[in-house]
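> Provide a 3D model corresponding to the input given below.
(chains A and B)
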Amino acid sequence: MPLRLHDTATREVRDFVPLRPGHAGIYLCGLTVQSAPHVGHVRSGVCFDVLRRWLEVRGHEVTFIRNVTDIDDKILAKGEEQGLAWWALTAVTKRQLDEAYALLNVAPPTYEPAATAHVPEMLELIGELIDRGHAYPAADGSGDVYFDVASWPAYGELTRQRVDDMEAAEDADPRGKRDPRDFALWKGAKDSEPRTASWPSPWGRGRPGWHIECSAMAGKYLGDAFDIHGGGVDLRFPHHENEQAQSRAAGQDFASYWMHNAWITTSGEKMSKSLGNSLLVPNVLERVRGVELRYYLVASHYRSHVEFSFEALDEAAAAYRRVEGFLERAGGTPAGDLPDALPDAFAIAMDDDLGTPAAVAVLHDTVRAGNSALAAGGDAAAEATAVRAMLGVLGVDPDDPAWGGRSDDRLTGVVDALVAGLLEERARARADKDWARADDIRDRLKAAGVEITDTPDGPTWST
RNA sequence: GGUGGGUUGGCCGAGAGGCGAGGCAACGGACUGCAAAUCCGUGUACACGGGUUCAAAUCCCGUACCCACCUCCA
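Prediction:
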């Protein structure tokens, strides 16, 4: 059963055939580091982290590149607004982003190139496009360089749009463009902009356009042809269309597969800063743990719209705790990840364009089977191992050190001793049939966040 | 105007011609001193109107509503 992935370019789910057997190269458009990340931003990171994990299970060595856009109009504007140097703003925002990814157990990419560190590569690519007749410096002396859309007949193929049908942007400033649809490869510096935000080029000082960054960096780290290019759906046009046009016009094959994750909306609308701070990752994590948020994201398909709600988030957290509860009851499992322990149905679901919802259903089926075995007095080691293997693929294994593990062993020891004392007291009360006293102890522990579970082998507790 | 996606039970969320994914919640039963946890059981859901078919949530036609992109937004 081959792994099949949905390719936006062909609009179908097709077999994944890597350019080099046993290897997969992925380029994911990262974020523009101009503001703190919200839940929607990290969904992309989580979706492609799951893809990466699954490719690895399937025996591929994965080279995963995720860029950082650290120079653009908004960054300059925001920096000025906040009285910060633009590069100071991006440094702070980048740290927030790293933290958000870490809180959701999104593995760091193989390499994370920053746009500002790759200006020479971009200039080289722009020069190549000019030489080939697909780009031109603006005639108005602005120092801008544009891609010549009319010179590339395939333009529009990724999103299947005809150039003539496209609505020209109303606010498009034609400046030195030959056609309003031509887009900037290089933007000449303006006097109002800080000098640190421009670099020398054959066309005068300036800075790169957005699209050229990704073409240059993907080419540098993955080569002229690579397997998968990913990002959010909104990037299909113009960003990805433009990237593909540039790279192919420069003679590169570029991506074999295009994968796009869907949105998270709130109140039916796209998440944005105007909706307030409530959905920033650190704020959401005041309500649920990182692993629970990640479970919520992974439980729906990456190409499906998710309407974010705290109610749904709470439900997901409850479902996840059920799984955790099973693992605790089942006792320990052998260490290490065990792809061999993955149920077939789980693998089939994942092979079908990362069918995480069906995969999660298998997870729950296995948990129920394990719980049944335990309820019947048997052992559930096989189920527990399978569950942990599945959770590992989804990046939500509770024992993954990424979640921080036991916060403080000494403290845990202290609490354990205190709770043990109270449980002994309760056991005496129960033996005396002093139910009021027994229940009082249980209620007080519960109020403190300690849940008591009576088992045939005596009570256990968890937080 | 062009392009793409959607509308599934109280809620979330899969599926894509026949066999009721899974979760959360609810109700009944088992277990328990009572609970909790767990197990067992309980649902004739697929926007609307037509059509095709032995069979439609799934295909076709039409309608309504929603969303995204065509602006340097994951």
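
> switch to C-alpha atoms for all contacts and neighbour counts from now on
Noted.

> how about the strands of the stretch 51-200 of chain A, start to end?
Applying DSSP state E, counting those that start in this stretch to the stretch 51-200 of chain A gives strands spanning A:61-66, A:135-137, A:145-147, A:184-188.

> repeat for the stretch 201-350 of chain A
Per DSSP E, counting those that start in this stretch, the stretch 201-350 of chain A carries strands over the ranges A:206-208, A:225-232, A:254-261, A:264-266, A:269-270, A:306-307.

> and residue A:157, which of the ones you listed is closest to it?
strand A:254-261 (12.3 Å; CA to CA).

> by contact count, what packs against the closest one?
Helices and strands touching strand A:254-261, by 3 or more CA pairs under 8 Å, 6 or more residues apart in numbering; DSSP states H and E, are strand A:4-7, strand A:225-232, helix A:241-249.

> returning to that earlier point: of the strands of the stretch 201-350 of chain A, flag the one that's most buried.
strand A:206-208 (a mean of 24; mean count of other CA atoms under 10 Å).

> now that strand: mean pLDDT?
Averaging pLDDT along strand A:206-208 gives 95.

> ok, residue A:35 - contacts?
residue A:93 (CA atoms under 8 Å, 6 or more residues apart in numbering).

> phi, psi for it please.
Reported as degrees, to the nearest 10, the phi and psi values for residue A:35 are phi -160, psi 170.

> what about it, distance to RNA strand B?
Separation of residue A:35 from RNA strand B (CA to the nearest atom of the strand, to the nearest Å): 8 Å.

> hang on, the earlier thing: could you tell me the least trusted of the strands of the stretch 201-350 of chain A?
Least confident of the strands of the stretch 201-350 of chain A, judged by mean pLDDT, is strand A:269-270 with a mean of 66.

> tell me if I'm right that residue A:374 and residue A:328 touch.
No. If you go by CA atoms under 8 Å, residue A:374 and residue A:328 don't touch, sitting 11.6 Å apart.

> higher neighbour count, those two?
Neighbour count, other CA atoms under 10 Å: between residue A:374 and residue A:328, residue A:374 has more, with 16 against 13.

> hang on, that one is in a helix, isn't it?
Yes. When DSSP: H, G, I helix; E, B strand; the rest coil is applied, residue A:374 is found to be in a helix.

> dump the residue contacts of it.
Residue A:374 neighbours (CA under 8 Å, 6+ apart): A:330, A:380.

> please identify the most buried of the strands of the stretch 51-200 of chain A.
Greatest burial across the strands of the stretch 51-200 of chain A, using mean count of other CA under 10 Å, falls to strand A:145-147, with a mean of 27.

> can you give me the distance of residue A:339 to residue A:55?
Separation of residue A:339 from residue A:55 (CA to CA, to the nearest Å): 12 Å.

> who in the stretch 201-350 of chain A is up against RNA strand B?
Counting by CA under 7 Å from any atom of the strand, the stretch 201-350 of chain A comes close to RNA strand B at A:208-210, A:231-238, A:261-265, A:268-272, A:299-302, A:304-308, A:311-312, A:314-316, A:318-319, A:322, A:325-326.

> go through the helices and strands packed on strand A:254-261 and name the closest to residue A:148.
The nearest among the helices and strands packed on strand A:254-261, by CA to CA, is helix A:241-249 at 9.6 Å.
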